[in-house]
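Participant: coords below, sequence missing:
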């Protein structure tokens, strides 16, 4: 496993793949009932819950499955409901499996975090396995990736993982095997490197591994050149993959609530600036808002989703709300 | 830029560096914050860099300004750097009037000098020593004196100098004071102000020559003229006789024995419309103290500005010896001119040497009398009941006149001058210069008077025009006016009509001599005067010999009082009257080395080689002059200069006229123009102004700091 995440700085002990540190049980419980649906038709190599783009293939009724909130009630089998008093859906057509590829940014900037680890981890751990007392954006990205992988694997879909900074640091091939989730969590249990993000290179490397259409979950703070990001997203769209952009930011990065003058030193070797945060707060917030808005607009321009994640928020409720909203959108579409 | 407290200002201004230092230190001390969103930060910084830099500089500047303003306020900034050129430092020369008039007391009991001192202190309080202002003090009581020169920035020194001033007995010396002030040259950029503080009464008027023109541009400030005050001055006190002979009494006066004393008083126009009644206290000052002689009433009728009031004073009761008769008006507006003094001499007898051949035996018939006999009869008649003679007469052979024989005599009468040797005339001249009286009658010989040339050479007097007497027949009389015979002038005119002069040397009238007795209308029969250059002594020269060939006067009853009066008064006058006015170096009797205060109060005065005191005497008083051995050489009374004691009010226009020759228009201190004398007032204003500005800077700093904080807090969260 270690060989699959080259460059990712690993802590010595305890074992890195402790999923409980990064995924709060409440989050897992909340997400367990959710299905991750691709907004676009995903070409899977296995039959699954996702509608196949291939016409005429196994379009007859295949099975019933329990109704879950968010399902289209028009597809309820009322006869089954009359007999059993339970809601089931009729599945008439072939549904493919979902290949989920998770890209996690492990660049230097992802190491920032102003939240206490003890508060965020949910299990009472005072510090991370490598001794950090703060809950970094990378920790939050790890939890998010673990949650997404958990949901996907629970649906029986395949999940792959790429951890990157300037380059790919670790990579797990797509699989729906039983230990895939623990492997994913283990691969995420390193520390961010000190370098910057090279999105174009990483996206190219990731796309090179994908032969079928996938749902790509891109977790980063997106402190990268917008031109590079635009080019990368264009290539993803060109390859007809779907993508969800989770922009993970710390609350301090959003609010810039420092109240004393101090030198600020970049975590990706960007140098040092001496400022009075009180004087710059308004302009900073405006810049951050503009950047987030531009990223959202950019994602939407390619038909992708952009979702802002605050590391000081619980991961479960916003993720669940996002997935519910996404499923509802899919069902309202012509493919839903 | 000047400060009241330069050290505080320096320390305060150095504290301006504190905000900068704190700013630098705080930057160095803070630990850097690792930050991920440097893109946001740099972009925000790029957008706000100019504004932030401006705000930071403004904030720093406001803090520095706050400290600087507080420092300037604490340091007592008098002027800003730019204001220095507009308002130069001030050289304030205060000329304060401490003349006799400055002792005038108003209804509140304070003297005019007290008011002028208050004015001077008030002016000095407006000075700003930190700006370089200086002040000097000159007292204008004659002679004008530099009390605090060269000028100083020490206001305390001025106050101390002012507190030492007391009214003098002299009149104002404005010209001298202005000259002293004008000699103080202002520094570059220094504005000179001459503050002339006086009550500006009539007695303070400048001398006839007027004030000198100032050589430098000078602002003139003057006190406003004070209101006039009614004042009675004691001009002089004149005993009828300066030498009182009281044989046998020696301090035990007989009941009712009094002497005539004439009290001369003067007053100004102020209050002259009313009659005035005052009291005069008379006393006799001696080395042992003062002996009161009683109080007397003085009255001046309405409209009279001067008067000569006779009183009968019991001078004979004062005992023997020398003393100073002191009169003092009680309770008057101006104490300085209420006192007058006159030295008098009380003695048991007068010692007179008669230079003539003594006649052996008595019982001479009248036609056998020679001039010496007549004169001896007139000066030393029969002794009184007690056997005492008022004039102790001794005969001196004309050929044996020398210093030992002259020693101890008060007077020498020469009736046979042609027998006096030439060198004896020199001895007689020395005797005269030493305070002796020399009475000279011509020789009874009808021919040429051969003694005139040696006498003239020894005495330096050219009083005789011919050497032979002229024939005439004129009655003797006394001319009007003061003289040795003034007291018996009436008797002479009444009784002396029968006394006629048949022969008379022609005595030349002229300066320095006084006609004591005349023959007919204006023909000098007896003249008196001093030897040229002498301060004392008296020479009486008669134009006739006391011989019946020359005049029948010896046989007339008037002869005795006439000769007695001439000798008595002549002796008193010959002893010298040193009565200088206050405000000058006073003369002392020849041979004096020191003046000792007669009543024990006051300071001794050294006598210089020129016979004058080393220092001018400012206060009236009486001194006993002593020689190198400590022997008394005479009495000196310094009189107040009552010319400066006229307290009639003058108008502001008149005062401006007095000050006009200075070359700059004078402003009175309570005028609107008088206030900008100096800028201490502005310095007082600058303190609150600076503090106000500091408060504004503090508000600005707070606003800027709040703006900085608000600019960060006002934005909405991302």
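Facilitator: Structure received. Keep in mind it's a predicted model, so treat the numbers as computed, not measured.
Participant: per the record, what domains does the chain have?
Facilitator: You didn't say which chain, so I picked chain A. If you go by automatic domain parsing, the domain ranges for chain A are A:2-34+A:96-332, A:47-95.
Participant: Actually, chain B is the one I wanted.
Facilitator: Looking at automatic domain parsing, the domains of chain B come to B:2-84+B:683-713, B:88-228+B:654-674, B:236-344, B:350-574, B:578-646.
Participant: Taking chain A, what residue is nearest to chain B?
Facilitator: Residue nearest to chain B within chain A: residue A:281 (2.6 Å; CB to the nearest CB). C-beta coordinates here come from the backbone N, C-alpha and C atoms, glycine included.
Participant: now the stretch 51-200 of chain A, which segments are flagged as low pLDDT?
Facilitator: A:51-62, A:91-97, A:121-124 (pLDDT under 70).
Participant: try 80 this time
Facilitator: Along the stretch 51-200 of chain A, segments meeting pLDDT under 80 span A:51-65, A:68-75, A:90-98, A:118-131, A:151, A:154-155, A:189-191, A:193-198.
Participant: ok, then the element right after the helix or strand bottoming out on mean pLDDT in chain B?
Facilitator: Ranked by mean pLDDT, DSSP states H and E, the weakest helix or strand in chain B is helix B:81-86, scoring a mean of 44. Later in the chain than helix B:81-86, the nearest helix or strand by DSSP states H and E is strand B:90-96.
Participant: now the angle from the following helix or strand past that following strand to strand B:90-96?
Facilitator: Per DSSP H and E, strand B:90-96 leads on to helix B:112-125 as the next helix or strand towards the C-terminus. Using axes from the mean of the first three to the mean of the last three CA atoms, to 10 degrees, the inter-axis angle of helix B:112-125 relative to strand B:90-96 is 180 degrees.
Participant: Going by neighbour count, list what's buried in helix B:112-125.
Facilitator: B:112-117, B:119-120, B:123-124 (16 or more other CB atoms under 10 Å in any protein chain shown).
Participant: any chance you could map the strands in chain A?
Facilitator: A:47-51, A:63-66, A:88-91, A:95-96, A:99-105, A:115-116, A:134-135, A:158-164, A:168-175, A:215-220, A:242-249, A:262-266, A:272-275, A:305-310 (DSSP state E).
Participant: Could I get those in TSV, plus columns for distance to chain B and mean neighbour count?
Facilitator: What follows is these, written out as TSV (distance: least, CB to the nearest CB, whole Å; neighbours: other CB atoms under 10 Å in any protein chain shown):
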stretch	distance to chain B	mean neighbour count
strand A:47-51	34	20
strand A:63-66	40	12
strand A:88-91	40	18
strand A:95-96	38	22
strand A:99-105	11	27
strand A:115-116	13	18
strand A:134-135	10	20
strand A:158-164	16	27
strand A:168-175	18	20
strand A:215-220	11	26
strand A:242-249	8	24
strand A:262-266	4	19
strand A:272-275	6	16
strand A:305-310	8	19
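Participant: Would you tell me which helix is longest in chain B?
Facilitator: helix B:38-74 (DSSP state H).
Participant: Chain A now?
Facilitator: helix A:277-301.
Participant: What angle do strand A:242-249 and it make with each other?
Facilitator: Using the same axes, to 10 degrees: helix A:277-301 against strand A:242-249 is 180 degrees.
Participant: Please work out which of the domains of chain A is packed deepest.
Facilitator: domain A:2-34+A:96-332 (a mean of 20; mean count of other CB atoms under 10 Å in any protein chain shown).
Participant: how far is it from where the chain is centred?
Facilitator: In this view, domain A:2-34+A:96-332 has its centroid 6 Å away from the chain centroid, taken as CA atoms, centre = their mean, to the nearest Å.
Participant: What of stretch B:574-585?
Facilitator: For stretch B:574-585, the distance to the chain centre is 12 Å (CA atoms, centre = their mean).
Participant: wait, isn't residue B:398 in contact with residue B:419?
Facilitator: Yes - using CB atoms under 8 Å, residue B:398 is in contact with residue B:419, at 3.5 Å.
Participant: Could you export the domains of chain B as JSON lines, including distance to residue A:264?
Facilitator: Listed next are the domains of chain B as JSON lines, based on distance: least, CB to CB, whole Å:
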{"stretch": "domain B:2-84+B:683-713", "distance to residue A:264": "4"}
{"stretch": "domain B:88-228+B:654-674", "distance to residue A:264": "49"}
{"stretch": "domain B:236-344", "distance to residue A:264": "88"}
{"stretch": "domain B:350-574", "distance to residue A:264": "104"}
{"stretch": "domain B:578-646", "distance to residue A:264": "85"}
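Participant: Those: which one's closest to residue A:277?
Facilitator: domain B:2-84+B:683-713 (6.1 Å; CB to CB).
Participant: Quick check: which of the strands of chain A is nearest to residue B:342?
Facilitator: Once the strands of chain A are compared by CB to CB, strand A:272-275 is nearest, at 97.6 Å.
Participant: Where does the prediction get shaky in the stretch 101-250 of chain B?
Facilitator: Across the stretch 101-250 of chain B (using pLDDT under 80), the flagged ranges come out as B:129-131, B:240-250.
Participant: Now do the residue of it found nearest chain A: how many residues are near it, please.
Facilitator: At 39.8 Å from chain A, residue B:130 is the closest residue in the stretch 101-250 of chain B, using CB to the nearest CB. As a burial measure, residue B:130 scores 21 neighbours (other CB atoms under 10 Å in any protein chain shown).
Participant: No further questions, thank you.
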